[in-house]
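In: Got a sequence here, can you build the structure:
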Amino acid sequence: MNILKLRILVLIDKYHKATEVAETLQIKQPTVSFHMKSLEKEMGATLFSLQQGRIMLTEAGKKMLPYAKQILSLEQEARQAVDEQTEESQSLLHLGAESISGMYLLPTIMAEFAQQYPEWRIQLEIQSPDVIKQLLKEGDIDFAFLDDGESLLENTVAEPVASDQVGIIRSASAETSKSLDINGLDTLDKHIWVKYSGASVVDSYSSLIKSHLEINSWEAVKQVVSGGDALAFFPACGVRSEDRTVPSVEWLPFPEADKKKSYYQINIVYQQDTYRNMMQQAFLDFIRREGIRTS
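Out: Numbering: from 1, shown residues only. As a prediction, this is how the structure comes out:
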């Protein structure tokens, strides 16, 4: 039994003519007759009778009529629910980012995109790089933002959208400034170090020092450094993004670092050869056009 057969039953009760039912459903009259006979065969009963040129429902047909109407009503509700969900999902942009770009680079570009397209909503998921790649692979996010040190998944494309540098932060107070000595790897152990404990592009630098405190929040790392004599390896964009007249920390390049290695790129990563709706394409074009500012 299919929905079309039930529609024909309901419409026969309304019009009593196969030609009018065919016109309403925009199908041929023989098709209506075929489905009427098919429905009777399925139900094992005579549902229709011809009386004075009009098609009427038999007693069995009348018994079936309210159930047919109920099924058609449920089918309409189901379609409406699916349409609403589809419309909602198409108006929601899902982004995923590792911690640095998620905290310091994306918020500004998201705000600018939202201002230009206020009818669309954006959802940002900040997780470890491995989790973000898994979300992209499973189709749970539309775009991922990862540093160029991360290996790419199969059938994905990466486009660079920003460049940043890893260095050292210290308290902006004069006392700390006078005592800082980081000229040479052998001098690193003279200082107290705070380490970001999550996975990030800073990991290769953090391995050079013995951390006294590990925190899985960049802002908490910054606060610890700003309040004392501790140092931390830190992305430059995390300090440049401060909107304070008097900065809490000062960012410095690490003298021992190879400049080529201390710089890294943030890529926008997406599935290759995958259909993008109007909102997803608009965001990709926006990112390509505007880029992401790191200062």
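
In: shaky segments in the protein?
Out: Scanning the chain for pLDDT under 70 picks out 83-90, 174-187, 241-247, 256-260, 294-295.

In: ranges for the helices of it?
Out: 3-15, 18-25, 29-43, 59-90, 99-100, 106-116, 129-137, 174-179, 203-206, 218-226, 237-240, 259-262, 278-290 (DSSP state H).

In: Tell me which of those is the most buried.
Out: With neighbours taken as mean count of other C-beta atoms under 10 Å, the helices of the chain reach their highest mean count in helix 99-100, at a mean of 26. To be clear about C-beta, it is placed using only N, CA and C from the backbone, and glycine gets the same treatment.

In: Show me what that helix is packed up against.
Out: Using 3 or more C-beta pairs under 8 Å, 6 or more residues apart in numbering; DSSP states H and E, no helix or strand is in contact with helix 99-100.

In: Against Ala162, how distant is the closest residue to Leu106 other than its chain neighbours?
Out: Excluding the flanking residues, the one nearest Leu106 by C-beta to C-beta, 6 or more residues apart in numbering is Ala97, at 5.6 Å. Counting by C-beta to C-beta, to the nearest Å, the gap from Ala97 to Ala162 is 11 Å.

In: got the contact list for the residue nearest to Ser128 when sequence neighbours are not counted?
Out: Once flanking residues are discounted, Ser128 sits nearest to Ala199: 4.9 Å by C-beta to C-beta, 6+ apart. For Ala199, the contact set (C-beta atoms under 8 Å, 6 or more residues apart in numbering) comprises 98, 128-130.

In: Grab the longest strand from this structure for me.
Out: Ranked by residue count, the top strand of the chain under DSSP state E comes out as strand 156-171.

In: Counting neighbours, which bits of that strand end up buried?
Out: Residues of strand 156-171 classed as buried by neighbour count (16 or more other C-beta atoms under 10 Å): 156, 158, 161-162, 164-171.

In: what does stretch 161-169 contact?
Out: 100-101, 105, 145, 182, 201-202, 205, 222, 225, 231-237, 239, 249-254, 257, 262-268, 287-288, 291-294.

In: Is it correct that the residue nearest to Leu106 is in contact with Ile122?
Out: No - counting by C-beta atoms under 8 Å, Ala97 sits too far from Ile122 to count as a contact (11.7 Å).

In: Looking only at neighbour counts, state which of these two leads.
Out: Taking other C-beta atoms under 10 Å, Ala97 and Ile122 do not tie; Ala97 has more neighbours (23 against 18).
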